[in-house]
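Novice: What would the 3D arrangement of this be:
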Amino acid sequence: MLDHPEVNIKDQKMTYNWLPDFVYGGMDGAVTTFAVVAGVVGASLSTTIILILGFANLFADGFSMAVGKYLSDKSQHELYNKIKEIEYRHLEEKTDYEKKEVQDILKIYGFKGKDLTRATKIITSNPKAWVDLMMRNEFKMMHENINPTKGALTTFISFILIGFIPLFIYTASPILQLSEKTSFITTSFATLSALFLVGIIKSKFSTKNWFISSLETALIGGVAATIAYLIGYFLQTLI
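Specialist: Predicted coordinates:
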């Protein structure tokens, strides 16, 4: 019997990278909440309506995203572990066939002759390396540093924190005493600035230039808000 570790999500020690989930939640939080604000402003409704719809969207959509993130990551983990366990079993039940698959994979990387034989022997002498090679090349799956619970929590917190920005001015309106026009302009500037900042953070784990990434993120928020504003304005003229 080949010795291999138990395939169990709880037993896997991973270093969780929270940054992608923070950007994911923050972008969606800012964009959707800003769109709600823009739609209500376009319909010429009161600040009270902005706050009611804005906060309802903020917490309900944030919760929905967090749950979706948790279930998605959990399913990905379960699928990876299930296939990995099957591969370990195949090493025991179909050893020759699995070795042939290793050779076929190594040939793609340019191994041949004695080098192919030696590389195959080295890899197949280590079950963990053997299965990892099969997971990456046969199933196109890698062990990623995903944590379903932390991912869901990070997404929710980011959604709430950054998603609150479009509502801040309206929440503080009794103190600030700004006009409706000034409130919306200030909110638009603050939200687009936040999205621009999120775009800079996003560029840290992508190959895009930081300015292009930031501009793209802010543009997405601006287009979404413009669409919501126009729809709100159009519907207001029909009622």
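Novice: which stretches of this protein form helices?
Specialist: Taking DSSP state H, the helices of the chain run over residues 19-42, 47-93, 95-108, 113-124, 127-137, 148-163, 165-171, 173-176, 180-202, 210-238.
Novice: So which of those is the most surrounded?
Specialist: Mean neighbour count, computed with mean count of other CB atoms under 10 Å, is highest for helix 19-42 among those, reaching a mean of 24. Heads up, the C-betas are built off the backbone N, CA and C, glycines and all.
Novice: Report the inter-axis angle for that helix versus helix 47-93.
Specialist: Helix 19-42 and helix 47-93 meet at an angle of 150 degrees, taking axes from the mean of the first three to the mean of the last three CA atoms, to 10 degrees as the criterion.
Novice: As JSON lines, the helices of the chain with mean pLDDT would be great.
Specialist: Listed next are the helices of the chain as JSON lines, based on pLDDT from 0 to 100:
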{"stretch": "helix 19-42", "mean pLDDT": "92"}
{"stretch": "helix 47-93", "mean pLDDT": "92"}
{"stretch": "helix 95-108", "mean pLDDT": "91"}
{"stretch": "helix 113-124", "mean pLDDT": "91"}
{"stretch": "helix 127-137", "mean pLDDT": "89"}
{"stretch": "helix 148-163", "mean pLDDT": "94"}
{"stretch": "helix 165-171", "mean pLDDT": "94"}
{"stretch": "helix 173-176", "mean pLDDT": "86"}
{"stretch": "helix 180-202", "mean pLDDT": "91"}
{"stretch": "helix 210-238", "mean pLDDT": "88"}
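Novice: Quick check, residue 136 in contact with residue 129.
Specialist: No - using CB atoms under 8 Å, residue 136 makes no contact with residue 129, being 10.7 Å away.
Novice: and for these two, which residues touch both?
Specialist: Both residue 136 and residue 129 lack any common contact, where contact means CB atoms under 8 Å, 6 or more residues apart in numbering.
Novice: Now that residue 66 has come up, it's in contact with residue 159, right?
Specialist: Yes - assessed by CB under 8 Å, residue 66 is found in contact with residue 159 at 7.3 Å.
Novice: joint contacts of those two?
Specialist: Joint contacts of residue 66 and residue 159 (CB under 8 Å, 6+ apart) are residue 25.
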